[in-house]
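Novice: coords please:
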Amino acid sequence: MPRRPVAAFAIAPWAFGGVFPADLVTRLRHLVDIDPAMTFTSFEGPSAAAVLARADILLTGWGCPRIDATVLEAAPRLRALVHAAGTVKTSVDPVVFERGLLVSTAAEANAVPVADYTMAMLVLGAKQVFGRARRYATAVEGGPVDWLSGDGTGLHGCTVGVIGASRVGRLVLRRLRRLREFDVEVLLYDPYLTATEASRLGAEAVDVDDLCRRSNLVTVHAPALPETRHMLDGRRLDLLPDGATVINTARGALIDTEALTRLCATGRISAVLDVTDPEPLPPGHPLFGLPNVLITPHLAGAQGREMRRLGEFAVAEVSRFLNGTPLLGRVQPEQLPYIA
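Specialist: Predicted coordinates for the structure are as follows:
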């Protein structure tokens, strides 16, 4: 009788139940031998060593320890890593690819709620909801009612600048293209795309400076690389038209925090930040007190009920792996330096 494949979980206990609810664990156990009572966040110790020695597949997620040469030496049977979260950049050492392991990520599934969050913030940002709501809440009886003013607001007829045709960026572009009633002009900056490819995504290819000059809303979806650090610096933020809103769900270091704080403090532009630099911002940071800035605690990705999508993707990937069919979330070694 052929040996059944063995798998193991390397994911934080706080995330396990949301990503792998009981019915998904049952589906997984039809495919592999796995003990849901063991979820490793460290590969130190005899229990982890015993599991690694037998494992063909690692199901990883938030809290997974880095998979490096030492781990691989302890796991001679290991053939695949299936990551039930977003980026694998922090958890997968390049040696994993050198050993010939297949690596998959549920980043595509995690991108969906980020794109949904972005679309919501595009609508709210275009209406300048955050500053107007704050003025409404603090209005003094008999005082000016400038909070009622909606001149020059609304997503209809706006120019939206998308930085990065990443997974999330492409989902945002797709949503903008489908929602034709918004009648928006879409600009795209991505150095790896041609003008023809951008056009197929429903956008006009431009450079970053032109995007900033022309966009009422700028949404950031690029990876954090040395060359993208402070991509939106003071000079480029100064190019934005009055009343523009910057939305960042990618990585905080893509925007110069000091320059953004200066511009937002003048009231000339607004910002929606799900990521910051540093992250989190220190208590009392000036951005927290600005009425035209919304800061959320890195929650755009899968949360609560959305986490199940990651587990569903991972279980399906395990099935594909065992059946010898292509993995939908496969990460190629040359992609590792450039993913988010």
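
Novice: thought residue 293 was touching residue 265?
Specialist: No: look at residue 293 against residue 265 with C-beta atoms under 8 Å: they stay out of range, at 9.2 Å. For every residue, glycine as well, the C-beta is placed using N, CA and C.

Novice: the more surrounded of the two?
Specialist: Neighbour totals were compared for residue 293 and residue 265, and residue 293 leads with 23 against 14 (other C-beta atoms under 10 Å).

Novice: check the gap between residue 307 and residue 20 for me.
Specialist: Distance, residue 307 to residue 20, by C-beta to C-beta, to the nearest Å: 9 Å.

Novice: helix or strand with the lowest mean pLDDT in this protein?
Specialist: In the chain, the helix or strand scored least confidently by mean pLDDT, DSSP states H and E is helix 129-137, which has a mean of 86.

Novice: show the residue spans covered by the strands in this protein.
Specialist: Remark: strands assigned in the chain by DSSP state E are 7-10, 57-60, 80-83, 102-105, 159-163, 185-189, 204-205, 217-220, 245-248, 270-273, 293-295.

Novice: report pLDDT for residue 145.
Specialist: pLDDT for residue 145: 58.

Novice: find the nearest non-adjacent residue to residue 95, please.
Specialist: Computed as C-beta to C-beta, 6 or more residues apart in numbering, the closest residue to residue 95 that is not its neighbour in sequence is residue 69, at 4.9 Å.

Novice: how many neighbours does the one you found have?
Specialist: 13.

Novice: isn't it right up against residue 92?
Specialist: No: using C-beta under 8 Å, residue 69 is not in contact with residue 92; the gap is 12.0 Å.

Novice: tell me where the longest helix sits in the chain.
Specialist: Counting residues, the longest helix found in the chain (DSSP state H) is helix 107-126.

Novice: so which bits of that one are buried?
Specialist: Residues 107-119, 121-122, 124-126 are the ones in helix 107-126 that count as buried (16 or more other C-beta atoms under 10 Å).

Novice: who does that helix touch, helix- and strand-wise?
Specialist: If you count contacts as 3 or more C-beta pairs under 8 Å, 6 or more residues apart in numbering; DSSP states H and E, helix 107-126 packs onto helix 167-178, strand 217-220, strand 245-248, strand 270-273, helix 307-323.

Novice: what do you get if the cut-off is 6 Å, keeping everything else the same?
Specialist: Other elements packing on helix 107-126 under the criterion 3 or more C-beta pairs under 6 Å, 6 or more residues apart in numbering; DSSP states H and E are helix 167-178, strand 217-220, helix 307-323.

Novice: Serialize these to CSV and add fields for distance to residue 184.
Specialist: Shown next, in CSV, are the helices and strands packed on helix 107-126 (distance: least, C-beta to C-beta, whole Å):
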stretch, distance to residue 184
helix 167-178, 6
strand 217-220, 9
helix 307-323, 27
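
Novice: nearest to residue 8, of the ones you listed?
Specialist: Nearest to residue 8 among those is helix 307-323 (11.9 Å), distances taken as C-beta to C-beta.
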